[in-house]
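*Asks:* any chance you can model this:
(one chain, ligands or ions: 1)
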Amino acid sequence: MDPIRYTLTFPAPHTHYVHIQAEIPSAGRESVELSMAVWTPGSYLVREFSRHVETVTAETAGGSALRVEKTTKNRWSVSTGGARKVMVSYRVYGREMSVRTNWIESDFAFINGAATFLTQAPSTALGAGPSTMLGAGEMARPHEVSIVPAPGWMRSITALDPGARPHSYCAPDYDTLVDSPILIGNPDLHEFAVDGVPHALANVGDMTFFDTPRAVKDLEAIVRAHKEFWGSLPYSRYVFMNLITEAGGGLEHARSSVLMTSRWATRTRKAYLSWLELASHELFHAWNVKRLRPIELGPFDYEREVFTPSLWMVEGITDYYGDVLVLRAGRSSAQEFLDSLSDKIEELQTTPGRAVRSMTQASMDAWIKLYRPDENTPNTAISYYTKGAVVAFLLDAKIRRATGGRRSLDEVMREAYARYSGTYGFTPHEFRALAEHVAGIDLGTFWRTAIEGTDELDYSEALEVFGLQFRPANGTANGKPKAWIGATTKIDAGRLLIAQVKRETPAHSAGLNVDDEIVAIDEVRVRSDRLDERLEQYSPGDRVSVLVARRDRLRSFDLVLGVEPPRTWRLEPRPA
Ligand SMILES: [Zn+2]
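*Replies:* The predicted model follows:
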């Protein structure tokens with residue numbers, strides 16, 4: 001199949017544009033339909049990448065203009081006039097600093113495939129069904145990319161296989177193109193090998209304060225721990241793209257990952273550990289989801305949402321092992337590992353939404369909930385990352401208990417990888433059956449309650465198996481319980497605003513709303529930075545009047561102060 005050949009140029013990168021010329025074979029058809037993805041794998045939100053596409057024009061190889069018609073929000077139809085190939089030109093604006101979008105500036109460009117490349121649309125009438133099934137042929141076409149770096153840019157880095165010329169690359173199909181972001185500019189490249197397989201850390205951004213030698217050494221140890229876990233490395237080379245751009249987040253790919261971080265990320269132990277855990281999480285995905293995947297997550301329909309109940313397994317188990325493997329690599333202490341896990345347990349157990357939405361529901365609703373949080377989210381939803389990691393910990397303990405410590409969740413993952421990492425994927429039933437096979441017990445009740453249900457989780461077995469306990473609570477100030485209104489606040493332009501009202505709190509019962517400005521308690525003004533100090537003057541059970549400004553109108557609410565819930569979810573080793 002003839003390839004699509006793209007050329008990327010950056011005539012004025014400071015204006016945040018990449019110019020693209022695509023040579024598209026027509027196979028003698030009267031018209032070719034081009035489409036741009038509306039979402040990108042690993043990040044489950046319709047992002048409408050085509051909104052940044054400008055001035056799509058087309059001509060023949062000889063330079064005669066061809067007619068281009070926009071047919072849907074993300075499709076264009078080009079009349080070929082019988083030409084065997086058409087040259088399509090367009091430009092894309094990129095100034096969103098996230099792991100799944102484009103960023104172009106004078107210093108560098110970070111290019112994501114889904115947000116950049118128009119490809120031959122699957123040849124099906126719109127809405128006729130999953131386009132990948134009917135149009136798989138088009139997606140399987142090779143896609144070649146040539147980059148003309150802006151003046152002064154020396155390097156381009158991507159997991160795509162290199163082509164014959166500098167800055168040229170080949171993707172065997174559209175999926176690989178989308179799965180291989182490209183970094184262009186002067187990234188700092190630090191290479192290391194694990195098991196003879198080349199790896200690299202590619203830094204871009206402000207490296208002044210970032211301790212790269214230490215990061216490389218620790219990454220190497222983490223990669224080694226992953227290799228030990230799975231038995232071998234599933235790729236022939238791997239690059240960690242580390243954008244030191246005062247942003248956050250990570251995104252997994254089959255042979256690379258993107259990390260966004262701060263210039264200060266190696267300066268404090270806490271920040272550095274989060275960076276290591278992020279890198280470890282994304283690397284674990286090279287197995288779990290990029291190769292071992294739920295059946296729904298591939299081949300992808302890039303023009304519609306893809307629904308799966310299994311994101312708890314994809315993200316939660318990955319989050320659990322991301323931290324476990326930092327520990328096994330000797331890069332965190334046992335207590336640091338327990339602190340990370342405690343953060344997750346604490347977040348879950350203080351989120352009222354855990355009683356409303358199960359992990360499988362949260363997974364199905366990722367598209368409308370996880371990536372679209374609002375002030376009511378904690379009341380109605382839980383994160384399948386957070387609960388998934390906690391449930392992975394419980395499941396790990398359950399398998400260890402059932403097998404007298406001979407087997408663990410490790411074996412489930414390795415066995416799942418051996419069985420299901422081919423092109424087919426696994427169904428939820430198959431994954432559960434495999435876990436039961438490894439554990440040698442029925443896991444029906446656990447699955448129904450912890451994974452598909454909203455029951456409170458039972459930690460007792462895991463505490464026993466791992467020799468842990470929750471640290472005795474210490475929620476008192478000066479020996480007396482702290483008075484509590486139960487709303488989260490923020491300071492905005494000197495005003496003390498309510499940011500979040502969780503269910504079953506004094507603020508919720510009293511009728512305080514998000515965006516209310518707290519003006520006074522008992523008719524004495526509360527300065528925006530002094531709420532805690534004011535509450536210390538009261539005891540739980542005291543009745544107070546809270547004066548707020550709601551859309552500028554003053555209103556008073558009676559509120560009975562509660563007791564600040566003690567922190568009861570911090571893990572520590574049980575004394576021998
Ligand atoms: Zn992830």
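
*Asks:* what values do phi and psi take at the residue nearest to residue 99 when sequence neighbours are not counted?
*Replies:* Excluding its sequence neighbours, the residue lying closest to residue 99 (CB to CB, 6 or more residues apart in numbering) is residue 251, at 3.8 Å. No exception for glycine: its C-beta is placed from N, CA and C like everyone else's. Main-chain torsions, residue 251, degrees, to the nearest 10: phi -140, psi 130.

*Asks:* tally of neighbours for residue 251?
*Replies:* When neighbours are counted by other CB atoms under 10 Å, residue 251 registers 22.

*Asks:* over to residue 169?
*Replies:* Residues near residue 169, counting by other CB under 10 Å, number 21.

*Asks:* buried residues of stretch 216-229, list them for me.
*Replies:* By 16 or more other CB atoms under 10 Å, the buried positions in stretch 216-229 come out as 216, 218-227, 229.

*Asks:* whoops, I mixed them up, stretch 348-368
*Replies:* 348, 351-354, 357-366.

*Asks:* out of those, the closest to residue 520 would be?
*Replies:* Nearest to residue 520, judged by CB to CB, of those is residue 352 at 28.2 Å.

*Asks:* now do the contacts for that closest one.
*Replies:* With contact taken as CB atoms under 8 Å, 6 or more residues apart in numbering, residue 352 is in contact with 378-379, 502-504.

*Asks:* neighbour-wise, give me the winner out of these.
*Replies:* residue 378 (21 neighbours).

*Asks:* surely that one is within a strand?
*Replies:* No: the assignment for residue 378 by DSSP: H, G, I helix; E, B strand; the rest coil gives helix, which leaves it out of any strand.

*Asks:* gap between the residue lying closest to it once chain neighbours are set aside and residue 497?
*Replies:* Distances taken as CB to CB, 6+ apart put residue 351 closest to residue 378, at 5.0 Å, once the chain neighbours are dropped. For residue 351, the distance to residue 497 (CB to CB, to the nearest Å) stands at 21 Å.

*Asks:* and the host helix or strand of residue 337, how far out from the chain's middle?
*Replies:* Element membership for residue 337 (DSSP states H and E) is helix 334-349. Centre-to-centre, helix 334-349 and its host chain are 19 Å apart (CA atoms, centre = their mean, to the nearest Å).

*Asks:* mean confidence score for it?
*Replies:* Mean pLDDT, helix 334-349: 98.

*Asks:* elements contacting that helix?
*Replies:* Contacting helix 334-349 under the criterion 3 or more CB pairs under 8 Å, 6 or more residues apart in numbering; DSSP states H and E are the following elements: helix 269-284, helix 318-328, helix 384-402, strand 571-573.

*Asks:* helices or strands up against the shortest one?
*Replies:* Under the contact criterion of 3+ CB pairs under 8 Å, 6+ apart, strand 571-573 touches helix 334-349, strand 468-470.

*Asks:* run the last query once more with 10 Å
*Replies:* helix 334-349, helix 460-466, strand 468-470 (3 or more CB pairs under 10 Å, 6 or more residues apart in numbering; DSSP states H and E).

*Asks:* mean neighbour count, the ones you listed: which tops it?
*Replies:* Of the helices and strands packed on strand 571-573, the one with the most neighbours on average (mean count of other CB atoms under 10 Å) is helix 334-349, at a mean of 18.

*Asks:* next, the angle helix 269-284 makes with it.
*Replies:* On the basis of axes from the mean of the first three to the mean of the last three CA atoms, to 10 degrees, helix 334-349 is oriented at 80 degrees to helix 269-284.

*Asks:* would you put the C-alpha positions of helix 334-349 in PDB?
*Replies:* Provided in PDB are the C-alpha atoms of helix 334-349 (Å, rounded to 0.1, in the frame of the first residue of the first chain):
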ATOM      1  CA  ALA A 334       9.000   1.100  52.700                       C
ATOM      2  CA  GLN A 335       7.500   4.000  54.600                       C
ATOM      3  CA  GLU A 336       7.600   6.300  51.500                       C
ATOM      4  CA  PHE A 337       5.700   3.500  49.600                       C
ATOM      5  CA  LEU A 338       3.200   3.300  52.500                       C
ATOM      6  CA  ASP A 339       2.800   7.000  52.500                       C
ATOM      7  CA  SER A 340       1.900   7.000  48.700                       C
ATOM      8  CA  LEU A 341      -0.500   4.200  49.200                       C
ATOM      9  CA  SER A 342      -2.000   5.900  52.300                       C
ATOM     10  CA  ASP A 343      -2.600   9.100  50.200                       C
ATOM     11  CA  LYS A 344      -4.700   7.000  47.800                       C
ATOM     12  CA  ILE A 345      -6.600   5.200  50.600                       C
ATOM     13  CA  GLU A 346      -7.200   8.600  52.300                       C
ATOM     14  CA  GLU A 347      -8.500  10.200  49.100                       C
ATOM     15  CA  LEU A 348     -10.800   7.300  48.400                       C
ATOM     16  CA  GLN A 349     -12.200   7.100  52.000                       C
END
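
*Asks:* that helix: what's the following helix or strand?
*Replies:* Following helix 334-349 toward the C-terminus (DSSP H and E): helix 359-364.

*Asks:* show me the contacts for the nearest residue to residue 370 once chain neighbours are set aside.
*Replies:* In space, residue 370 comes closest to residue 383 once its chain neighbours are excluded; the distance is 6.5 Å by CB to CB, 6+ apart. By CB atoms under 10 Å, 6 or more residues apart in numbering, residue 383 lies in contact with 311-312, 315-316, 319, 344, 347-348, 351, 353-354, 359, 362, 366, 369-370, 373, 377, 389.

*Asks:* next: residue 24.
*Replies:* Residues near residue 24 by CB under 10 Å, 6+ apart: 2-6, 32, 34, 58, 78, 80, 83, 85-88, 118-120, 141.

*Asks:* part of a strand, is it?
*Replies:* Yes: under three-state DSSP, residue 24 falls within a strand.

*Asks:* quick one: pLDDT of it?
*Replies:* pLDDT, residue 24: 97.

*Asks:* make CSV from the helices and strands packed on helix 334-349 and add mean pLDDT to it.
*Replies:* CSV is the format used below for the helices and strands packed on helix 334-349 (pLDDT from 0 to 100):
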stretch, mean pLDDT
helix 269-284, 98
helix 318-328, 98
helix 384-402, 98
strand 571-573, 97
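
*Asks:* using JSON lines, lay out those together with distance to residue 172 and mean neighbour count.
*Replies:* Formatted as JSON lines, the helices and strands packed on helix 334-349 follow (distance: least, CB to CB, whole Å; neighbours: other CB atoms under 10 Å):
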{"stretch": "helix 269-284", "distance to residue 172": "23", "mean neighbour count": "21"}
{"stretch": "helix 318-328", "distance to residue 172": "26", "mean neighbour count": "24"}
{"stretch": "helix 384-402", "distance to residue 172": "31", "mean neighbour count": "23"}
{"stretch": "strand 571-573", "distance to residue 172": "46", "mean neighbour count": "17"}
